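Student: Fold the following for me, if possible:
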Amino acid sequence: MQQLEALTRDARALALGELLPTPHESEVSRQLQICNACRYCEGFCAVFPAMTRRLEFGKADIHYLANLCHNCGACLHACQYAPPHEFAVNVPRAMAQVRGQTYADYAWPSALGALYKRNGLTVALVLAAGLALFLVLAVRAKGTLLHEPLAGNFYAIFPHNLLVLMFAPIFLFAALALAMGVRRFWRDISPGQASGVAMGEAGLNVLRLKYLDGGHGEGCNETDDAFTLWRRRFHHFTFYGFMLCFAATCVATLYHYLLGLQAPYALTSLPVLLGTVGGIGLLVGPAGLLWLNLRRHLLHGDAAQKPMDRGFIALLFFTSLTGLALLAWRDTGAMALLLAVHLGVVMALFLTLPYGKFAHGIFRSAALLKWAIEKRLPGTLKLGGD
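Tutor: Numbering: from 1, shown residues only. Below you'll find the predicted structure:
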């Protein structure tokens with residue numbers, strides 16, 4: 001039955017021209033054929049042992065392996081066939097180019113996939129500034145932009161129900177769009193049955209960012225062939241900072257609806273503590289990632305995606321910066337202004353979430369689960385993505 005479904009899906013895709021390889025996919029296939037013959041990097045990360053289970057690479061295989069790649073750069077500096085060799089093997093760049101294609105191809109709704117190419121730093125900052133200005137003018141029109149201290153009562157400026165009406169649809173749409181996109185990706189890579197052990201291993205690899213250690217524990221290559229763990233550390237600050245801020249919002253929601261406790265909450269309360277620690281993580285992590293991004297070796301990654309990378313980093317950083325500023329000065333007459341600016345940045349972040357760099361974490365998690373399942377299967381070679 002699964003084979004019949006796969007054949008039907010491939011026939012439909014072929015009729016639409018979707019099985020014809022793109023230049024980026026063809027380049028990945030070419031390079032992996034060389035890597036499969038060499039196998040020097042087999043112990044570096046999950047990409048290479050997953051590669052050795054195949055002799056040919058179909059579209060689904062290429063997109064799976066591209067999202068399994070963490071762009072650590074170790075294989076580039078170890079490769080004897082890297083530029084300026086005539087084979088010009090640059091796995092990190094080729095994989096990054098296909099990842100960008102993955103996000104666009106699997107976007108939901110499909111018509112919005114082109115937004116990935118436009119989701120750059122300028123768009124992110126202009127959107128955030130525009131939304132913040134709109135909210136500032138709305139507060140000013142109410143005559144509450146400059147006010148007497150309100151003891152941190154945000155709802156005196158924006159009522160709770162209004163905030164829910166503003167943000168709930170955006171958040172739910174972002175979650176739905178990402179879920180639908182990764183669902184299509186998951187079906188196409190034919191993952192097989194996920195066991196509890198495989199899910200546990202994949203989850204642990206996601207939480208540890210295992211493959212940002214270069215496969216040997218010494219870290220990634222950034223500006224040259226020297227190893228560093230800073231990229232992994234800054235990713236941890238960013239990831240856990242985001243999760244703690246999300247947890248703070250969830251706890252505050254439970255406080256409001258289940259316990260009847262309304263904001264503002266004390267500085268020692270759980271929502272504020274979680275948000276503060278998470279906010280600090282979202283300052284340190286994105287700042288560090290931007291610093292590394294600006295210094296990274298020219299042969300690493302896809303230069304065309306740097307505006308999208310930096311746009312996402314900037315929105316995370318300014319979300320945290322404005323949030324911590326709001327917390328610090330919430331008992332002053334500037335609270336309304338700071339609140340409007342913070343809400344504008346947060347809204348811009350969630351509006352761009354389904355069609356920006358955030359998607360890489362979702363697709364990479366799915367690829368890691370696929371690998372955790374696949375490595376437990378018999379080691380039969382897979383031909384041409386069949």
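Student: all contacts plus neighbour counts: C-alpha atoms, from now on.
Tutor: Will do.
Student: Any stretches of the protein with poor pLDDT?
Tutor: Scanning the chain with the threshold set as pLDDT under 70 gives 1-20, 379-386.
Student: Does Gly215 touch Glu42 like I think?
Tutor: No - contact criterion C-alpha atoms under 8 Å: Gly215 and Glu42 do not qualify, at 9.6 Å.
Student: Pop the domain breakdown of the chain in here.
Tutor: 2-108, 110-369 (automatic domain parsing).
Student: And these: which comes nearest Pro378?
Tutor: Judged by C-alpha to C-alpha, the one of the domains of the chain that comes nearest to Pro378 is domain 2-108, at 9.7 Å.
Student: From the chain's centroid, how far away is that closest one?
Tutor: Centroid displacement of domain 2-108 relative to its chain, using C-alpha atoms, centre = their mean, to the nearest Å, is 19 Å.
Student: Repeat that for stretch 219-238.
Tutor: The answer for stretch 219-238 is 17 Å, by C-alpha atoms, centre = their mean.
Student: Equivalent analysis for stretch 243-251, please.
Tutor: Relative to its parent chain, stretch 243-251 has a centroid offset of 18 Å by C-alpha atoms, centre = their mean.
Student: buried set for it?
Tutor: Met243, Leu244, Cys245, Phe246, Ala247, Ala248, Thr249 (16 or more other C-alpha atoms under 10 Å).
Student: Of those, which is the nearest to Pro159?
Tutor: Thr249 (16.3 Å).
Student: correct me, but the closest one touches Pro271?
Tutor: Yes - if you go by C-alpha under 8 Å, Thr249 and Pro271 touch, sitting 6.9 Å apart.
Student: Please, which helix or strand holds Val182?
Tutor: If you go by DSSP states H and E, Val182 is part of helix 160-188.
Student: Which other helices and strands does that helix contact?
Tutor: Contacts defined by 3 or more C-alpha pairs under 8 Å, 6 or more residues apart in numbering; DSSP states H and E place helix 160-188 against helix 335-352, helix 359-374.
Student: tell me the most buried of those helices?
Tutor: Each of the helices and strands packed on helix 160-188 was scored by mean neighbour count; the highest is helix 335-352, a mean of 24, by mean count of other C-alpha atoms under 10 Å.
Student: so that helix versus helix 160-188, what angle?
Tutor: Relative orientation of helix 335-352 and helix 160-188, computed by axes from the mean of the first three to the mean of the last three C-alpha atoms, to 10 degrees: 20 degrees.
Student: Next, the contact list for His338, please.
Tutor: Just so we're on the same page, residue 338 is Leu rather than His. Residues in contact with Leu338 (C-alpha atoms under 8 Å, 6 or more residues apart in numbering) are Thr322, Ala325, Leu326.
Student: Buried among the residues you listed? Make that a PyMOL selection.
Tutor: To isolate the buried ones among these in PyMOL, judged by 16+ other C-alpha under 10 Å, type:
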select buried, resi 322+326
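Student: Which of the contacts of Leu338 fall in helices?
Tutor: With DSSP state H as the criterion, helices contain Thr322, Ala325, Leu326 from among the contacts of Leu338.
Student: Throw those residues into TSV and include distance to Phe171, thanks.
Tutor: Shown next, in TSV, are the ones in helices among the contacts of Leu338 (distance: C-alpha to C-alpha, whole Å):
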residue	distance to Phe171
Thr322	19
Ala325	23
Leu326	21
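Student: Between those residues, which sits nearest Thr52?
Tutor: Thr322 (47.6 Å).
Student: Please state the offset of stretch 278-294 from the chain centre?
Tutor: Relative to its chain's centre, stretch 278-294 lies at 14 Å (C-alpha atoms, centre = their mean).
Student: In this structure Thr122 contacts Gly311, no?
Tutor: Yes - using C-alpha under 8 Å, Thr122 is in contact with Gly311, at 7.1 Å.
Student: if we can go back for a sec, now the angle between helix 359-374 and the helix or strand following the helix holding Val182, please.
Tutor: Reading on from helix 160-188 to the C-terminus, the next helix or strand found by DSSP H and E is helix 196-208. Between helix 196-208 and helix 359-374, the angle formed by their directions is 150 degrees, by the same axes, to 10 degrees.
Student: Quick check: buried residues in helix 196-208?
Tutor: For helix 196-208, by 16+ other C-alpha under 10 Å, it's Ala198, Met199, Glu201, Ala202, Gly203, Asn205, Val206.
Student: isn't Leu267 right up against Leu274?
Tutor: No - in this structure, Leu267 is not within contact of Leu274 by C-alpha under 8 Å, at 10.3 Å.
Student: Counting neighbours around each, name which of these two comes out higher.
Tutor: Leu274 (20 against 12; other C-alpha atoms under 10 Å).
Student: What number of residues are in the vicinity of Pro169?
Tutor: Using other C-alpha under 10 Å, Pro169 has 11 neighbouring residues.
Student: again with Ala111
Tutor: 10.
Student: Equivalent analysis for Asn221, please.
Tutor: 26.
Student: Just put the domains of the chain in JSON lines and tack on distance to Pro378.
Tutor: Output for those, formatted as JSON lines (distance: least, C-alpha to C-alpha, whole Å):
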{"stretch": "domain 2-108", "distance to Pro378": "10"}
{"stretch": "domain 110-369", "distance to Pro378": "12"}
